[in-house]
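Q: Need the 3D shape of this:
(one chain, ligands or ions: 1)
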Amino acid sequence: MTAPACDLLLTNAHVLTMDPQFTVHRDGAIAVTGDSIAAVGAAALAYQAAQTIDCGGRVVMPGLVNAHTHAPMTLLRGLADDLRLDVWLMGYMMPVERAFVSPDFVRLGTRLACAEMIRSGVTCFADMYYFEDAIAEATAAAGMRALCAQTVLRFPTPDATSYEESLARAADFIRKWRGHPLIVPAPAPHAPYTCTPEILRACAELAVEFDVPLHIHLSETTQEVDDSRRLHGMPVVPWVKKHGLFDAKVLAAHCVHVDEGEIRALKNFNAGVAHNPTSNLKLGAGVAPAARMVDLGVNVGIGTDGAASNNDLDMFEETRLAALLAKGTSGDPTAIPARTALAMATRLGAAAMHMDHVTGSLEPGKRADLIVLDVDRLHNVPAFGHDASAIYSRIVYASKSTDVVDVMCNGRWLMKNRELLTLNERELQEAARGEASRVDTFLSSREVSVLQKLVAVGGAVEQESFEIQVKARVPTADHVLAVMNGEHVTVVRSSHYHQFDTYWSFSDPDQGWLRYREDEFLDDAGNVTGARSRLTLTGRTKEDHFGAVLLSRSRYYAPATHSTRFYREYFRPASERIVEKDRRRWLVAYRGVEFYVHLDRLVKPAHDGYFVEVKSRTWSRRDARDKAAVITELLALFGTHPDDTISDGYADLAGA
Ligand SMILES: [Zn+2]
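A: Purely as a prediction, here's the structure:
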């Protein structure tokens, strides 16, 4: 009887199979044929190999599985740090992505990420980004295995102008890559709060149709969960379930804020979870209940998340942190022992990605995705043999990514003796520096202009407009109310509201005032019937004046889609002033011209009496002069004298 043949035999290896029984072969061997593992342990020694490599007693284990990342974001590493998630994402990442992300950008970023990941022993990762086709191409060329998920969002992205377009892009992408030996394509509805129920359902249907996984961010922050409860009356997991998400094979990144019931639901729907401890810590999101999820049988992998929120893709660091955090947050040093942590970084991660039939452990029939690790470096000696699981502690608590010597994926060496074989590091570093300097130029010019920063965070932009206006003190409301009820003016409509204004100024006074205004509409009984928020950027100085009547310019006007806290942290103003007032507002016609008349009572800063304000849009200097004359007459009707007018805005009064 002839011995079975194999292409490669690794001998004299300390083999950690990471199979469900955690089988270890102390002086073991592995036979590789083509892209797959033919045999492990004593059985491998029966093989007749074309090539035999003596591993010198080093550890041979499955390649690490990075269960959640955004590979091209290596190019945005260190771009904006120490910011809150919304400011970081909406204020920096997304605007830069809109301006720079292209197929070339993601190709370069992916190659950089692959080089970094191969160096740290990763053979398989779960990605989510734009132009996923270019990412899949770069990944396959680097020889790595990946779940590549094409992002779908409810708003325009760098690679799609609408959600329909991004969904079509995802479908095309999946059709093209399905069945590839290294790439598993998938749709990625970005997150519940950036998608609609329709998008969630459509993505799940797409994943089911092609039998591919679905990659999503779930329950990352308390804000996301609070918003879900407020808007939908339930936390995130039941809400996405309601919209059919779990019909698909889900890989859910984060799951930081999930309760016991949600964890059980994840388990029941066989959803995998990617635990991203560094990213969650760095963005202040919290610590996922990873130990509890593992205990309840959820497949929990470990992910680095993108390099913009980590800032590296080092799975050794991530795995150690996952093991340590579970202990530190629970007070229980037995939580997530080293062996479990390493299983999360390998087999459980592959299972979370629904790819454990091909990778994640060293078992016959699975693809040959493995690494050779030197555990005899200075920082990892001596070693004790009395406890069989000590090897897991050595790897999780003391090994470093720089201890990875060789990396094989799908039967092909990607790194040998710490030399990358499929990527040119020097070239990548050079190209990445070039890309960074372009982004730098863009951000430096943006950072000095409040207007440009406003445009960058989106919302409808209204071009500059001119207003002619006057403001005067009136001791009582009586005169103004009498005019409004009298014969002189025709009231087109009127309203009553409570107005909360936050004025921000900047170290460069030429940037003007940025005003965040919240209006609460009041009915006749004084009940709040509705609310809206707007942003206005005004010049600090007036453009011109006609007697007491001023001509002012508004440079920007948009609905405010974020909180005051968001804008404060994003713009970092030099000063802030708060004005709160009760406002009666009329649109009136007087002598053939339409004016807005405001009767204001200042609540904060508290002020006796009232202010009356008259204003109108204007288009030309002549128009402004004509209207100024009519406004002056109107002021006289209100019983105010030109001496009663004030040129200060309410923000100036608040600062006084
Ligand atoms: Zn992410």
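Q: buried set for stretch 110-129?
A: With burial defined by 16 or more other CB atoms under 10 Å, the residues of stretch 110-129 counted as buried are 110-129. Every residue, glycine included, has its C-beta placed from N, CA and C.
Q: per-residue pLDDT, the closest residue to Ser162 other than its chain neighbours?
A: Nearest residue to Ser162 in three dimensions, chain neighbours excluded: Pro156, at 6.8 Å (CB to CB, 6 or more residues apart in numbering). pLDDT recorded at Pro156 is 84.
Q: likewise the one 4 residues further on?
A: At Ala160, the pLDDT value in this model is 91.
Q: Report the contact partners of it.
A: Ser166, Arg169 (CB atoms under 8 Å, 6 or more residues apart in numbering).
Q: Would you list the phi and psi of the residue nearest to Ser162?
A: phi -60, psi 140 (degrees, to the nearest 10).
Q: and if you look at the one 3 residues further on?
A: Asp159 has phi and psi values of phi -120, psi 10 when expressed as degrees, to the nearest 10.
Q: if I look at it, how far off is Leu112?
A: As defined by CB to CB, to the nearest Å, Asp159 lies at a distance of 19 Å from Leu112.
Q: Equivalent analysis for Leu251, please.
A: 23 Å.
Q: Am I right that Phe384 is in contact with Ser393?
A: No - using CB atoms under 8 Å as the test, Phe384 is too far from Ser393 to be in contact (9.5 Å).
Q: mind checking how far Gln469 is from Ala558?
A: 20 Å.
Q: likewise Ile468?
A: For Ile468, the distance to Ala558 - CB to CB - is 22 Å.
Q: So which of those two has more stuff around it?
A: Neighbours were tallied for Ile468 and for Ala558 using other CB atoms under 10 Å; the higher tally belongs to Ile468 (26 against 18).
Q: May I have the beta-bridge partners of the more buried one?
A: For Ile468, the beta-bridge partners under DSSP bridges are Leu551, Ser616.
Q: and it, what does it touch?
A: Shown in contact with Ile468 (CB under 8 Å, 6+ apart): Phe546, Val549, Leu550, Leu551, Lys615, Ser616, Thr618, Ala624, Lys627, Ala628, Ile631.
Q: if we go to 6 Å?
A: Going by CB atoms under 6 Å, 6 or more residues apart in numbering, Ile468 touches Val549, Leu551, Ser616, Thr618, Ala624, Lys627, Ala628.
Q: can you count the residues close to the third one?
A: If you count neighbours by other CB under 10 Å, Ser616 ends up with 20.
Q: Does it touch Phe595 like I think?
A: Yes - using CB atoms under 6 Å, Ser616 is in contact with Phe595, at 4.8 Å.
Q: ok, and for the strand or helix carrying Ile391, which residues are buried?
A: Per DSSP states H and E: Ile391 is located in helix 390-393. For helix 390-393, the neighbour count (16+ other CB under 10 Å) marks Ile391, Tyr392, Ser393 as buried.
Q: Relative to Val106, which of those residues is nearest.
A: Tyr392 (35.7 Å; CB to CB).
Q: I'd like to know how far that closest one sits from Val65.
A: Tyr392 is 16 Å from Val65, by CB to CB.
Q: where are the low-confidence patches of this structure?
A: Residues of the chain that meet the criterion pLDDT under 70 lie in 1, 458-463, 540-541, 555, 655-656.
Q: Nearest the geometric middle of it, what residue?
A: Central residue of the chain (CA atoms, centre = their mean): Leu89, 4.8 Å from the mean position.
Q: Spell out, range by range, the helices that occur in the stretch 351-500 of the chain.
A: 390-393, 425-447, 450-456, 478-485 (DSSP state H, counting those that start in this stretch).
Q: And for the stretch 1-150 of the chain?
A: Ranges of helices in the stretch 1-150 of the chain, per DSSP H, counting those that start in this stretch, are 85-86, 94-100, 103-119, 132-142.
Q: Take the ones you listed and lay them out in CSV including distance to Arg320.
A: Formatted as CSV, those follow (distance: least, CB to CB, whole Å):
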stretch, distance to Arg320
helix 85-86, 24
helix 94-100, 30
helix 103-119, 17
helix 132-142, 25
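Q: closest one to Gly349 among those helices?
A: With distances scored as CB to CB, the stretch of those nearest to Gly349 is helix 103-119 (12.9 Å).
Q: which residues sit against that closest one?
A: With contacts defined as CB under 6 Å, 6+ apart, helix 103-119 is touched by 71-72, 74-75, 131, 134-135, 138-139, 142, 144, 313, 407, 414-415, 420, 423, 425, 428, 431-432.
Q: Of those residues, which count as buried by neighbour count?
A: 71-72, 74-75, 131, 134-135, 138-139, 142, 144, 313, 407, 414-415, 420, 423, 428, 431-432.
Q: looking at the helices of the stretch 1-150 of the chain, which is closest to Ile263?
A: Here helix 85-86 is closest among these (CB to CB), at 22.4 Å.
Q: same for that closest one, what does it pack against?
A: The contact analysis (3 or more CB pairs under 6 Å, 6 or more residues apart in numbering; DSSP states H and E) places helix 85-86 against no helix or strand.
Q: For my notes, confirm Asp608 occurs in a strand.
A: No - looking at Asp608 with DSSP: H, G, I helix; E, B strand; the rest coil, it is coil, so not inside a strand.
Q: Tell me how many other residues surround it.
A: 8.
Q: With Gly434 instead?
A: Gly434: 10 surrounding residues under other CB under 10 Å.
Q: Spit out the contact partners of it.
A: Gly434 neighbours (CB under 6 Å, 6+ apart): none.
Q: Would you mind measuring from it to Phe105?
A: Gly434 is 11 Å from Phe105, by CB to CB.
Q: pretty sure Gly41 is in contact with Arg26, am I right?
A: No - with contact defined as CB under 6 Å, Gly41 does not reach Arg26; the gap is 10.1 Å.
Q: Okay then, goodbye and thanks.
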